[in-house]
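**Student:** just a sequence and a predicted model for now, questions to come.
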Amino acid sequence: MFRPDPLAHDWFTADASVLGVALVFPLQGPAGIFGPTCELCARLAAEEVNRAGGVLGRELRLVPVDGGAPPREVADHVETLVDLGAVQGVTGWHISSVRQALAPRIAHRVPYVYTALYEGGEHTAGVFLTSETPRDQLRPAMGLLAHERKVRRWFVVGNDYVWPRRTARAAHGYARESGGVVQGEVYLPLGTHDFGPVLRRIERAEADGVLMLLVGSDAVRFNRAFAEYGLPARCLRLSTLMDENMLMASGPSATEELYSTAGFFASLANQDTLDFHGQYAGRYGVEAPALGSLGESCYEGVLLLAALLKRAGTLDVSAIGAAAGSVSYEGPRGLMRLRDRHVRQRIYLARADGLDFDVLTELDLRGPRP
């Protein structure tokens, strides 16, 4: 696929009729597996916004940035786009290490809508967040699995950066609330291929459940190794980052006893999801990359950014923040509203069924069941 060079001169031609938005999404690394869906969903949202008249009387135009590059490189790239006036906003799915490098550089200058599920606690002015946090996503899922599946002994397998480590820290408390314990933790570099030592540790720990905090193709390889080792017969897996593209890449033999929790699943049988399927297939065809929560989050990001700008009536970050409490928009996840600069949403628990997800229930966000 042709990708324009965002540093080429024609991207910086002054044009007051265009509002540039840096779309930061992974084109490489473990998360690159769902990068194509991120791009297509974001472009679908931008087209919808433009058909409705654009933003502040301007056409919304996405400028792609590789969010799979090293965090400092991504931050340098986006800051350059802001410096040159090529973009007036930023959105997209990228890991927390990239967000932490990027937010201090640009969030006080342009609005930044972060769409990836993350560890919580982001309070940088000018940053707005559309996706799940452990309190609303992981806590009720662990509580429900403890109640329904008698999971008491958890083992954490994560990539070695801020999101897995801070999420695991919270998981210790969630396990205790349900009468359980986290018996072990392992953190691995992004791009890990050999999971043999980890699987042996899980076996020795006699874990009932494995909390997977692995990104993209790392999670795919872990699923395959887990199944080949025979562990699905002994313990289940729970992931807060597992979409349909990752499920298909894992293969049907590697998804037994695999659970996922998210604010969106493509298999949800509600009108919002069905409408989104129709829009996506109508625009890109039936052979487009599979819809999933990670790519769909970029659709949410574009819609939220447009709603923030329209409500504030200006590009000024302080004014946008002041008006954010009254912002809402409607998308594939339903009618969404901001509270404390985070979107509040329904969260679901699903179980893998071959190459698809069977959505079991909407989670009770008040906490684990007794």
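**Tutor:** That came through, no problem. The shown structure was predicted, so the numbers you read here are calculated from the model rather than taken from an experiment.

**Student:** which parts of the stretch 201-350 of the chain are strands?
**Tutor:** 209-213, 236-239, 258-262, 328-331, 334-339, 342-344, 348-353 (DSSP state E, counting those that start in this stretch).

**Student:** show residues contacting the shortest one.
**Tutor:** Contacts of strand 342-344 with the rest of the structure, by C-beta atoms under 8 Å, 6 or more residues apart in numbering, involve 128-131, 133, 136, 300, 304, 336-338. All C-beta spots, glycine's among them, are computed from the backbone N, C-alpha and C.

**Student:** what of the fifth one?
**Tutor:** Identification of contacts with strand 334-339 by C-beta under 8 Å, 6+ apart yields 128, 130, 270, 272, 300, 304, 324-325, 327-330, 343-346.

**Student:** can you list the strands that that strand pairs with?
**Tutor:** Using DSSP bridges, strand 334-339 pairs in its sheet with strand 328-331 (antiparallel), strand 342-344 (antiparallel).

**Student:** nearest to T167, out of those?
**Tutor:** Among the strands paired with strand 334-339, the nearest to T167 by C-beta to C-beta is strand 342-344 (15.8 Å).

**Student:** what are the buried residues along the closest one?
**Tutor:** By neighbour count with 16 or more other C-beta atoms under 10 Å, strand 342-344 contains the buried residues 342-343.

**Student:** likewise for stretch 331-341?
**Tutor:** In stretch 331-341, counting by 16+ other C-beta under 10 Å, buried: 331-333, 336, 338, 341.

**Student:** which residues of the protein score low on pLDDT?
**Tutor:** Under the criterion pLDDT under 70, the flagged ranges of the chain are 1-14, 366-370.

**Student:** center of it - which residue?
**Tutor:** A116 (3.0 Å; C-alpha atoms, centre = their mean).

**Student:** ramachandran angles for that one?
**Tutor:** Dihedral angles of A116 (phi, psi; degrees, to the nearest 10) stand at phi -80, psi 140.

**Student:** so it touches S97, yeah?
**Tutor:** No - between A116 and S97 there is no contact under C-beta atoms under 8 Å: 10.9 Å.

**Student:** next, show the common contact partners of the two.
**Tutor:** Joint contacts of A116 and S97 (C-beta under 8 Å, 6+ apart) do not exist.

**Student:** count the neighbours of G173 for me.
**Tutor:** Other residues near G173 number 12, with proximity taken as other C-beta atoms under 10 Å.

**Student:** part of a strand, is R105?
**Tutor:** No - assigned with DSSP: H, G, I helix; E, B strand; the rest coil, R105 falls outside any strand and is helix.

**Student:** send the alpha carbons of the longest helix seen in the chain over as PDB?
**Tutor:** Longest helix in the chain by number of residues, with DSSP state H as the criterion: helix 293-312. In PDB, the C-alpha atoms belonging to helix 293-312 read as follows (Å, rounded to 0.1, in the frame of the first residue of the first chain):
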ATOM      1  CA  SER A 293     -11.800  -3.400  19.300                       C
ATOM      2  CA  LEU A 294      -8.300  -2.100  18.700                       C
ATOM      3  CA  GLY A 295      -8.900  -0.900  15.200                       C
ATOM      4  CA  GLU A 296     -12.400   0.300  16.000                       C
ATOM      5  CA  SER A 297     -10.900   2.500  18.700                       C
ATOM      6  CA  CYS A 298      -9.400   4.700  16.100                       C
ATOM      7  CA  TYR A 299     -12.800   5.300  14.700                       C
ATOM      8  CA  GLU A 300     -13.800   6.500  18.200                       C
ATOM      9  CA  GLY A 301     -10.800   8.700  18.400                       C
ATOM     10  CA  VAL A 302     -11.600  10.600  15.200                       C
ATOM     11  CA  LEU A 303     -15.200  11.100  16.300                       C
ATOM     12  CA  LEU A 304     -14.200  12.300  19.700                       C
ATOM     13  CA  LEU A 305     -11.600  14.700  18.400                       C
ATOM     14  CA  ALA A 306     -14.200  16.200  16.000                       C
ATOM     15  CA  ALA A 307     -16.800  16.400  18.800                       C
ATOM     16  CA  LEU A 308     -14.300  18.200  21.100                       C
ATOM     17  CA  LEU A 309     -13.400  20.800  18.500                       C
ATOM     18  CA  LYS A 310     -17.000  21.400  17.500                       C
ATOM     19  CA  ARG A 311     -18.100  21.900  21.100                       C
ATOM     20  CA  ALA A 312     -15.300  24.300  21.900                       C
END
